[in-house]
Every structure is written in C-alpha cells, then in structure tokens.
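K.L.:
one predicted model, sequence on top.
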Amino acid sequence: MPTYTALTTLADREKAEALGLALEEVEPEATGVGVFEMEDGSGLWEVGAYFTQAPDEVALALLAAAHGARPFAVSELPETDWVAHVRRELHPVEAGRFFVYGSHDADKVPSGRVALLIEAAMAFGTGHHGTTQGCLEALERLIVAGAIKRNVVDIGCGTAVLALAAAKVWPGPVLASDIDAVAVEVAEANVAANGEAGRVRCLEAAGFDHADLRSAAPFDLIFANILKGPLVELAPDVAAHCAQGGHVILSGLLTPQAEEVIAAYAAEGLSLQHRAEIGEWSTLTLRR
C-alpha cells in the first residue's frame, strides 16, 4: 500500500495547531496528523500528515495559505518493511547497568545486567536515541551515588523504558504518562513484557494533568524526555510536583537549547547537578 506525506512549517504555534486540526478534515482522509516544534532552534513548527491515497494538493495549498504556512511538500514513500528494517539497524544499547534490547536480540543479554525488553517495532524511546540513552546514564549516576527513589514518574514516557529502568532498581511505585494514547498502549505492552505490570502504571495525560498524578505527588524523581518548548512550559508544574531534595532528569533538547531550559528550572528553584551531551543532544539532572 503506498504512503504519502505532506509536510509544511510555520512560525506560530497556535496557527500550527489550527492547521493540524484542519488537516484532520481533508479528503481523502489523513491516517495520521502531527504538529511538532522543530528541534533545530529555529522556532518553527512542523505540521505533517500521512495518507494512504494521493492527497488533494489543491486543498493542501489552500489550507497552507489560509494558515500562513509554507506550501506543503508532498512525497510518496517507498514501500518498506519498517519492522524488519529497524531490527536490522538497531542493536542492543548499554547504559551503565542497563541493557536495552529487542526480542530479536534476546540471546545477547549478558548476565548481571538490568535487561529492558523494548520492541524494535517502536524505535523512538528504545534507548538508541541520544536523549533516552542520556536519561539512562543520568539514572545510573544517581544509583551509583547511592540514591534510592521511592516515588517516580516518567512524563512523556513513550515506550516507558525510563519508567521500567527505575522500577527494576527501586522498590517504590512508578507512574508513566504520555499525551498520546498509542504511546500509552505501547508503554503498557512493554511494562507487561518486562514483568512489571504490578509496579508501573501507565496513564494518558498532558503533563501532570491527571488526578492520579497529582495525588501521587510529590515525586522524588521526575523524568521528562520531551522537547524544549514543553520542557520550559512544564517547569512550574515539575517544581510543584517534585519533593524537596528530589531529582529531575530532563532531555529531548538540543545542546544549544540547554541554557534556556536550565534558566527556566532555576527560576522555579531547581538547580543543575549534572549536564551531559550525547551527539547533539543534552541531558540535564537537576535537584530541588
């Protein structure tokens, strides 16, 4: 089945979100629509859609013009077995004591390591991205320093790899939340596959906007591996839900964006404890 993409950019978040909503109404229907802040520091927002039929380029051009966006770039993607491709390309990742692998590499798990089974079919958040690996390495530093965290939350959990890592090393409850319902389903499947269904609970929520997250606070460790914009917006909520003396591990930001995020959290009483770079990505460990 052919797949088509339609992508554009614009500088205003509200207009980008409005364009995303409008894309959901076009014919032929889009099978998926996304609105993301670009991670290159440009301040632009990318709006994109996937189609299984050739989209109406005239309708797309009118939508772009109406919302002040650049013309859509429409492309037909080659048919690819993405699961097989990802399995060929992704190898196990080691971050401190953690060993992140897909089921196709189950025979490679070394003894004495904390093994995290994350299926390669969902590549983002498997540990191969510099942000996820950076968060696992930040977690390792806390463990080596003797930290014991009894109440942990992973905001924007994706595959729940960070929530699972915390559950494997500490005895307390772990919450994992994501704004995307599909991500929550993926997280729940990974939690079950790792034998942690009784320890890690997955919720659909934007930030801390869920009664169960609010009632479980304050947390002594908060993960947030998302994007720079949402990280800055979440700073007051993260501070409000973090226990005194608790830690926060942040990533999903490019290295040039780190100073802005550090400043936003410093204004809320969270001080930088450690900063690390993997490739072009930064991971921050802060303490309240």
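P.N.:
Right, received. Where do you want to start?

K.L.:
could you list the buried residues of whichever strand or helix holds Val238?
P.N.:
Element membership for Val238, per DSSP states H and E: helix 228-241. Buried residues in helix 228-241, defined by neighbour count with 16 or more other C-beta atoms under 10 Å: 228-232, 234-235, 237-239, 241. For the C-beta atoms, the positions are set from N, CA and C on the backbone; glycine is no exception.

K.L.:
C-terminal to the helix or strand of the chain with the lowest mean pLDDT, what's the next element?
P.N.:
In the chain, the helix or strand scored least confidently by mean pLDDT, DSSP states H and E is helix 82-89, which has a mean of 52. Next along the chain after helix 82-89, taking DSSP H and E as the criterion, comes strand 93-95.

K.L.:
that following strand - contacts with which helices or strands?
P.N.:
Here strand 93-95 touches strand 98-101, helix 130-144, going by 3 or more C-beta pairs under 8 Å, 6 or more residues apart in numbering; DSSP states H and E.

K.L.:
what lines up beside the helix or strand just after the last one in the sheet?
P.N.:
Following helix 130-144 in sequence order, the next helix or strand is strand 152-155 (DSSP H and E). Using DSSP bridges, the strands paired with strand 152-155 in its sheet are strand 174-178 (parallel), strand 219-225 (parallel).

K.L.:
how about the ones you listed in TSV, adding mean neighbour count?
P.N.:
Shown next, in TSV, are the strands paired with strand 152-155 (neighbours: other C-beta atoms under 10 Å):
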stretch	mean neighbour count
strand 174-178	27
strand 219-225	26
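
K.L.:
so which of those gets nearest Asp212?
P.N.:
strand 174-178 (7.1 Å; C-beta to C-beta).

K.L.:
can you give the contact residues for the closest one?
P.N.:
Residues from elsewhere that reach strand 174-178 (C-beta atoms under 8 Å, 6 or more residues apart in numbering): 152-158, 160, 162-164, 166-167, 184, 187, 191, 196, 199-205, 210, 212-213, 216.

K.L.:
buried subset of these?
P.N.:
Applying 16+ other C-beta under 10 Å to these flags 152-158, 160, 162-164, 166-167, 184, 187, 191, 196, 199-205, 213, 216 as buried.

K.L.:
tell me which of those residues fall in helices.
P.N.:
162-164, 166-167, 184, 187, 191, 213, 216 (DSSP state H).

K.L.:
so which of the residues you listed is the closest to Ala11?
P.N.:
After measuring these against Ala11 - C-beta to C-beta - the closest member comes out as Val184, at 30.8 Å.

K.L.:
from what I see, that closest one and Glu204 are in contact.
P.N.:
Yes - applying C-beta atoms under 8 Å, one finds Val184 in contact with Glu204, separated by 4.8 Å.

K.L.:
Ala276 touches Ala138, doesn't it?
P.N.:
Yes - Ala276 is within contact range of Ala138, at 6.9 Å (criterion: C-beta under 8 Å).

K.L.:
nothing else from me, thank you.
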